[in-house]
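Visitor: next input, structure requested:
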Amino acid sequence: MITQDDCTRCGACCFGSHARYIALLPEDRARAIPEATTTEIDGRRYMTLADGHCAQLTRTDDAQLVCAIYPVRPEACRAFRPGSFECLKARQHRLALAERMRAPDLVPDSPPILVPEVQTPPGMPGVPQIAPGAEAGEPPPALA
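Guide: Numbers count the residues shown, from 1 in each chain. Predicted coordinates:
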């Protein structure tokens, strides 16, 4: 079972493949989220990403990954529950990235993850397909 303590040390959910990964919601206006930690895209604010993860994800001296603004973290992060379906999917697809950040000298480079190519049904050329297990709006983990 994944506990709240695991949640504040894992970091897998903080990895994303596009700049709109962590959107700020209206509920976040009352929080003291430093504006310098966010990015504006098309009039909306998002948490800034760096090296494929939220820029607020920080490695501690004891090799844990923690959020530098955890007490004021955005609503999207607060809604992400330890052990939830989303948590388990993040761990499945991104835990290796978190492990590399946690202990970069101890974790050897992993071979690339191969995602099976999805064929477009006959008569439907140019229709984008989502590979099995991928989420709509986000490329499969191998492309992240």
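Visitor: could you use CA atoms for every contact and neighbour count after this?
Guide: Noted.
Visitor: pLDDT on stretch 68-85, on average?
Guide: The predicted model assigns stretch 68-85 a mean pLDDT of 91.
Visitor: mind listing what's buried in that stretch?
Guide: Judged by neighbour count using 16 or more other Cα atoms under 10 Å, the buried positions of stretch 68-85 are Val72, Arg73, Pro74, Glu75, Cys77, Pro82, Gly83.
Visitor: widest-spaced pair of these?
Guide: Val72 and Gly83 (21.5 Å; Cα to Cα).
Visitor: ok, the residue lying closest to His53 once chain neighbours are set aside - how many residues close by?
Guide: In space, and not counting its chain neighbours, His53 is closest to Phe15: 4.0 Å by Cα to Cα, 6 or more residues apart in numbering. Neighbourhood size, Phe15 [other Cα atoms under 10 Å]: 25.
Visitor: do the same with Ala90
Guide: Number of residues near Ala90 (other Cα under 10 Å) recorded here: 18.
Visitor: tell me the contacts of it?
Guide: Contact analysis of Ala90 by Cα atoms under 8 Å, 6 or more residues apart in numbering lists Ala12, Cys13.
Visitor: same check, this time on Thr60
Guide: Val66.
Visitor: and it, how far is that from Gly43?
Guide: To Gly43, Thr60 is 34 Å away according to Cα to Cα, to the nearest Å.
Visitor: go on, Ser17?
Guide: Ser17 sits 20 Å away from Gly43, going by Cα to Cα.
Visitor: which of these two has more residues huddled nearby?
Guide: For Ser17 versus Gly43, neighbours defined as other Cα under 10 Å are more numerous around Ser17 (16 against 7).
Visitor: now that one: phi and psi?
Guide: Dihedral angles of Ser17 (phi, psi; degrees, to the nearest 10) stand at phi -110, psi 0.
Visitor: so it makes contact with Cys54?
Guide: No - here Ser17 lies out of contact with Cys54, judged by Cα atoms under 8 Å, at a distance of 10.1 Å.
Visitor: for Ala23, grab phi and psi.
Guide: Here is the backbone geometry of Ala23 (degrees, to the nearest 10): phi -80, psi 140.
Visitor: also Glu35?
Guide: The main-chain torsion angles of Glu35 are listed as degrees, to the nearest 10 and equal phi -60, psi -30.
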